[in-house]
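**Student:** Generate a structure from the sequence data that follows.
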Amino acid sequence: MAQMTKEQEFKIIEKIRELDAEGKHDEAHELRFKLPLAPHLAQALKEIIGTDELRNSKIDLSEANEKYGENWLTD
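**Tutor:** Below is the predicted model of the structure:
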């Protein structure tokens, strides 16, 4: 999966802020899942909630997969 550019991330963040300002909190929350989680945070979350829950979440783990390898959730 191609890594998202900072410009793409900033556009998503801008849209999230707009949605929150409009009171559309559910839409803003869902849009947050399009932002990749930083690898070190994904690793910490793996330790806290476990691999099954993390794998089944909507969280974008593309950067962690790139850094740690596709099998990091099965190790």
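**Student:** Could you tell me which residues within stretch 59-74 count as buried?
**Tutor:** 59, 60, 61, 62, 63, 64, 65, 68, 72, 73 (16 or more other Cβ atoms under 10 Å). Bear in mind the C-beta positions are built from the backbone N, C-alpha and C, glycine included.
**Student:** List the buried residues of the lengthiest helix in the chain.
**Tutor:** As assigned by DSSP state H, the longest helix anywhere in the chain is helix 6-21. With burial defined by 16+ other Cβ under 10 Å, the residues of helix 6-21 counted as buried are 16, 19.
**Student:** For it, name the packing helices and strands.
**Tutor:** When contacts are defined as 3 or more Cβ pairs under 8 Å, 6 or more residues apart in numbering; DSSP states H and E, helix 6-21 packs onto helix 25-32.
**Student:** what mean pLDDT does the helix it packs on have?
**Tutor:** For helix 25-32, the mean per-residue pLDDT is 96.
**Student:** quick one: it to helix 6-21, angle?
**Tutor:** 170 degrees (axes from the mean of the first three to the mean of the last three Cα atoms, to 10 degrees).
**Student:** For helix 25-32, list the C-alpha coordinates in CSV.
**Tutor:** C-alpha atoms of helix 25-32 as CSV (Å, rounded to 0.1, in the frame of the first residue of the first chain):
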residue,chain,number,x,y,z
HIS,A,25,-19.0,13.9,15.2
ASP,A,26,-19.8,10.4,14.0
GLU,A,27,-18.7,11.3,10.5
ALA,A,28,-15.5,12.9,11.9
HIS,A,29,-14.8,9.8,14.0
GLU,A,30,-15.1,7.5,11.0
LEU,A,31,-12.9,9.7,8.9
ARG,A,32,-10.1,9.4,11.5
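**Student:** Need the contact partners of that helix.
**Tutor:** 12, 15, 16, 17, 19, 20, 58 (Cβ atoms under 8 Å, 6 or more residues apart in numbering).
**Student:** how far away is the residue nearest to the fourth one when sequence neighbours are not counted from residue 13?
**Tutor:** Going back to what we said before, that points to residue 17. In this structure, residue 17 finds its nearest non-sequential neighbour in residue 28, 7.9 Å apart by Cβ to Cβ, 6 or more residues apart in numbering. According to Cβ to Cβ, to the nearest Å, residue 28 and residue 13 sit 10 Å apart.
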